[in-house]
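1. Based on what follows, work out the 3D shape:
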Amino acid sequence: MTPQALRALVVDDDNSWQQILSEIISDCGLEVDVASSVDAAALALKAQPHRLAVVDLSLSPNDHNNVDGLRVLDSIRRLDPNCRAILLTGFATVELAVTALTDYGAFTFLRKESFHRSQFRDIVYRILVSPPPLSAPAPASGTGTSSSAEKGLAAPQKPPNEKALVVEDDAGWRSILEELLSDAGFQVRACASFGDAFGYLRKEKFTLAVIDLSLSTSLDSSNQDGYQLLATARSEGVPSIVVSGITETEEIQRVYSEYAISAFIEKQAFDRAAFRRVVEETRSKSQSTSELNALTEREREVLDLLALGLTNKEIAEKLFITTNTVKRHLKAIFEKLDVHTRTAATARITGG
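-> Next up, the predicted model:
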């Protein structure tokens, strides 16, 4: 299923500003909804979730005292708590700006008279890569499904003592990833620097590593610490998931091919349920690989031939052994893989 596009809401009574803001936000890859009043904004917020909103303080032409934008900010907090709001206006005092930031939860405040497209794009990008709130909103389906049911994706019995390493220099993202992995049954080691992460990888055995590529608060794309940690994790046999603000297709493809990562999740489109699924898929694949590594060389040969559809007699002829020896190998294979049928055993190496 194609993931739903990220959406933004522009609330401004001036058509020119609606067009300017919508153009810039669309260039950043978001679908844009437009409203010019408090009521229209509320309807848009109820209809669909939004990642960000740009709200004009005054929604009444030529009325310098109008502060309907604050009412919109209040609606955002109530109706769409995951939405980050930017207050944009030409009439605000410093006191109003502080109120918008502290009492109404706005992400930042911009003045129209000093508006710069590049500055605005930078703010949009910072919002897109900022961590979502720790408390996820209730499902919109109306089915009454609780968050614990969603966590049912990670409900099956887990092997004990599984450890996950989280390497992320942003405290918000670090907290979210640690929470989700703990809920999935992992013992989590969370760190913010290359040195700490490298030390953990060398000293402890991990089932999974979740790594940010650029360990720099300035979003310095030249920072290579995350890449070096991916190389270390691969050499230590630790499956890795990347959670990063990088969106360039070529770079993502390069990371997949050079570091054999399990998944690459863009922060801009981060979704808790999708992250849980990726973790479970990575865990299952890792467990299967570990179990296959427990097979002897001869047992692996028998399993490979079994996967080709050969009978016991045909396997015996191929390997120049007796059928009774094939049966003994199959019994050992079934026990090590914890399966009871030929089909189930075959599925472990075919991915079926």
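
2. who's in contact with the closest residue to residue 41 other than its chain neighbours?
-> Nearest residue to residue 41, sequence neighbours excluded (CB to CB, 6 or more residues apart in numbering): residue 35, at 4.2 Å. From N, CA and C alone the C-beta is placed, and that goes for glycine too. Listed by CB atoms under 8 Å, 6 or more residues apart in numbering, the contact set of residue 35 reads 9, 10, 11, 41, 43, 44.

3. if we go to 6 Å?
-> Residues in contact with residue 35, defined by CB atoms under 6 Å, 6 or more residues apart in numbering, are 11, 41, 44.

4. From those residues, which land in strands?
-> residue 11 (DSSP state E).

5. Drop the exposed ones from the contacts of residue 35 and show what's left.
-> 11, 41, 44 (16 or more other CB atoms under 10 Å).

6. which one of the residues you listed sits closest to residue 25?
-> Of all the buried ones among the contacts of residue 35, residue 25 sits closest to residue 11, with 12.4 Å by CB to CB.

7. surely the closest one meets residue 55?
-> Yes - here residue 11 reaches residue 55: they are 4.6 Å apart, a contact under CB atoms under 6 Å.

8. got any residues that touch both of these two?
-> residue 72.

9. Look up how far residue 311 lies from the residue most central in space within the chain.
-> Geometric centre of the chain, nearest residue: residue 270, 3.7 Å, by CA atoms, centre = their mean. With distances taken as CB to CB, to the nearest Å, residue 270 is found 49 Å from residue 311.

10. Kindly report the same for residue 184.
-> Residue 184 is 41 Å from residue 311, by CB to CB.

11. For this structure, give me the ranges with low pLDDT.
-> Where the chain drops to pLDDT under 70, the residues are 1-4, 91-94, 133-161, 216-222, 286-293, 349-352.

12. domain ranges for it?
-> 7-129, 151-285, 294-350 (automatic domain parsing).

13. all strands for the stretch 201-350 of the chain, in order.
-> 208-211, 240-244, 263-266 (DSSP state E, counting those that start in this stretch).

14. what about those, which gets the closest to residue 107?
-> strand 263-266 (19.5 Å).

15. Looking at the strands of the stretch 201-350 of the chain, which is nearest to residue 338?
-> strand 208-211 (20.7 Å).

16. coming back round to it: quick check: closest non-adjacent residue to the residue nearest to the centre of the chain.
-> Closest to residue 270 by CB to CB, 6+ apart is residue 132, at 6.3 Å.

17. tell me the secondary structure for that neighbour?
-> coil (DSSP: H, G, I helix; E, B strand; the rest coil).

18. what's the burial count for it?
-> 18 (other CB atoms under 10 Å).

19. Roughly how far does it sit from residue 28?
-> Taking CB to CB, one finds residue 132 at 17 Å from residue 28.

20. Residue 7 now?
-> From residue 7 to residue 28 the distance is 12 Å (CB to CB).

21. How about residue 257?
-> From residue 257 to residue 28 the distance is 27 Å (CB to CB).

22. Tell me which of those two has more neighbours.
-> residue 28 (17 against 9).

23. That one reaches residue 124, doesn't it?
-> Yes - assessed by CB under 6 Å, residue 28 is found in contact with residue 124 at 5.0 Å.

24. Can you list the residue ranges for helices in the stretch 201-350 of the chain?
-> 225-235, 249-259, 272-293, 297-307, 312-319, 323-337, 342-350 (DSSP state H, counting those that start in this stretch).
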